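# coordinates only, no sequence provided:
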């Protein structure tokens, strides 16, 4: 009986094992295939916009080839101060120089007082940047001089009772610089008006009457030199009998040969090896028959094209002791004797100083 039971248990075990489900095969994780990645586009560094240059405008008087180094010294200071290159705009006509700032085609300009006033009248954003001081280092003696000159040998015709006078200039061939020039037109024209308006024949005389010559006009012939140098050459070449020009604009080409500097009756002559346009007139002499002090010329800044911060930076740099002692800007006697042609000279304490627009009101008054 026991054997029979054991046999039955064994049969049941074998049957159960035979009906069991087969073991599941291990499942493989699905293969992940990476999508192809596009090659990164090459990065191109952005192109930096070129730095806009500072345009400095020069009147014809300072546009000569002999003043390249002097202009470049100013340009170097501007570049160092603002971190911008400089472009020098040279001119052959006062009107071109005035219009450059008036029409926002220039950033800085070295003007005479009258040219500055004309530019400001057209563009109120034009402001005085600095002027050159006098020998004292202040504005008290910040002056240069307007000359009436005649050729040596003809000066006696311009004396009255032994004293030099401009009373005998009526009917002469006359040379101005430009009607936008302070010492080359505005100041001498006012002097002529003031003197001759007391005479019945010329009591209605105005500045515009001096612009053209003719048989019935104040002058028989009127010429414009375009620059102070050009007006002086009109005189010494014989094209005019009398000419007006300023002392500082011809000092690189002439020297005092008799008398005291900037004094009526003194004689000046063209130096040897003078640069153009004086190179053909070495030794030629002229005599001063009238001398008038004139306010020093300003550097003007255009507030439309320069920021207030840039203007302030330039004023700080220009009025610094370093600039005042820079012999390439304020040339000493040693540099000049070595052949350097300056725009500004250092005799004592000359330097750049800041002035207000009202500084030029005396020149404005000449137009009234």
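Arrived safely. In this text, all values refer to a predicted model and were calculated from it rather than measured experimentally.
# next one: residue 306 relative to residue 246, how far apart?
28 Å (Cβ to Cβ, to the nearest Å). From N, CA and C alone the C-beta is placed, and that goes for glycine too.
# more neighbours: the two, which one.
residue 246 (25 against 21; other Cβ atoms under 10 Å).
# sketch out the low-pLDDT regions of the stretch 1-150 of the chain for me.
For the stretch 1-150 of the chain, applying pLDDT under 70 flags the ranges 1-47.
# that one: strands as residue ranges?
Assigned by DSSP state E, counting those that start in this stretch, the strands in the stretch 1-150 of the chain fall at 54-58, 86-90, 108-110, 126-132, 143-151.
# residue contacts, the residue lying closest to residue 319 once chain neighbours are set aside?
Closest residue in space to residue 319, ignoring its immediate chain neighbours: residue 352 at 5.1 Å, by Cβ to Cβ, 6 or more residues apart in numbering. Taking Cβ atoms under 8 Å, 6 or more residues apart in numbering, we find residue 352 in contact with 130, 131, 132, 133, 299, 318, 319, 323, 324.
# tell me the one of the residues you listed nearest residue 265?
Using Cβ to Cβ, residue 132 is the member of the contacts of residue 352 that lies nearest residue 265, at 27.1 Å.
# right, and the closest one touches residue 346 too?
No: in this structure, residue 132 is not within contact of residue 346 by Cβ atoms under 8 Å, at 10.3 Å.
# before we move on, back to that, next, the residue nearest to residue 319: phi, psi?
phi -90, psi 140 (degrees, to the nearest 10).
# and the contacts of stretch 54-63?
70-71, 74-75, 78-79, 82, 84-94, 97, 100-101, 105-112, 115, 226-230, 249, 306, 343.
# look at residue 257 and tell me its secondary structure.
strand (DSSP: H, G, I helix; E, B strand; the rest coil).
# most tightly surrounded among the strands of the stretch 1-150 of the chain?
Per-stretch averages of neighbours, counted by mean count of other Cβ atoms under 10 Å, single out strand 108-110 among those, with a mean of 25.
# I would like the residues contacting that strand, please.
54-59, 62, 78, 97, 100-101, 115-116, 119, 129, 297-302, 306, 314, 343.
# out of the contacts of stretch 54-63, which are inside helices?
70-71, 74-75, 78-79, 82, 94, 97, 100-101, 115, 228-230, 249 (DSSP state H).
# what's the most distant pair in those?
It's 82 and 230 that sit farthest apart of these, by Cβ to Cβ, at 33.0 Å.
# which of the two has more residues huddled nearby?
Higher neighbour count among residue 82 and residue 230: residue 230, with 22 against 19, using other Cβ under 10 Å.
# now the more buried one, nearest residue through space, not along the chain?
residue 277 is the one closest to residue 230 (Cβ to Cβ, 6+ apart), at 6.8 Å.
# follow-up on the earlier one: of the contacts of strand 108-110, grab the buried ones for PyMOL.
Selecting only the buried entries of these in PyMOL, with 16 or more other Cβ atoms under 10 Å as the criterion:
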select buried, resi 54+55+56+57+58+59+62+78+97+100+101+115+116+119+129+297+298+299+300+301+302+306+314+343
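# residues near residue 91, how many?
Neighbours of residue 91 using other Cβ under 10 Å come to 22.
# who touches it in this structure?
Going by Cβ under 8 Å, 6+ apart, the list of residues near residue 91 reads 57, 58, 59, 60, 63, 97, 100.
# tally of neighbours for the fourth one?
Other residues lying near residue 60 total 23 when counted by other Cβ under 10 Å.
# bridging residues for residue 89?
residue 57 (DSSP bridges).
# that one touches residue 99, doesn't it?
No: between residue 89 and residue 99 there is no contact under Cβ under 8 Å: 11.1 Å.
# quick one on the thing from earlier: arrange the strands of the stretch 1-150 of the chain in TSV, one row each, with distance to residue 178 as further columns.
Converted to TSV, the strands of the stretch 1-150 of the chain look like this (distance: least, Cβ to Cβ, whole Å):
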stretch	distance to residue 178
strand 54-58	14
strand 86-90	15
strand 108-110	15
strand 126-132	18
strand 143-151	13
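# looking at the ones you listed, which is nearest to residue 162?
The nearest among the strands of the stretch 1-150 of the chain, by Cβ to Cβ, is strand 143-151 at 16.1 Å.
# what's in contact with the closest one?
With Cβ under 8 Å, 6+ apart as the test, strand 143-151 has contacts from 134, 157-158, 166, 169, 182-184, 187-188, 232, 235-236, 238, 241-248, 262, 268, 284-297.
# following that strand, which helix or strand shows up next?
Remark: after strand 143-151, the chain's next helix or strand is strand 159-160, criterion DSSP states H and E.
# show me the contact partners of that next one.
In contact with strand 159-160 (Cβ under 8 Å, 6+ apart) are residues 165, 167, 168.
# where's the residue nearest to the spatial centre of the chain relative to residue 128, distance?
The structure's the chain has its C-alpha centroid closest to residue 109; by Cα atoms, centre = their mean the separation is 2.7 Å. According to Cβ to Cβ, residue 109 stands 11 Å off from residue 128.
# any common contacting residues for the two?
With Cβ under 8 Å, 6+ apart as the test, residue 109 and residue 128 both reach 116, 299, 300.
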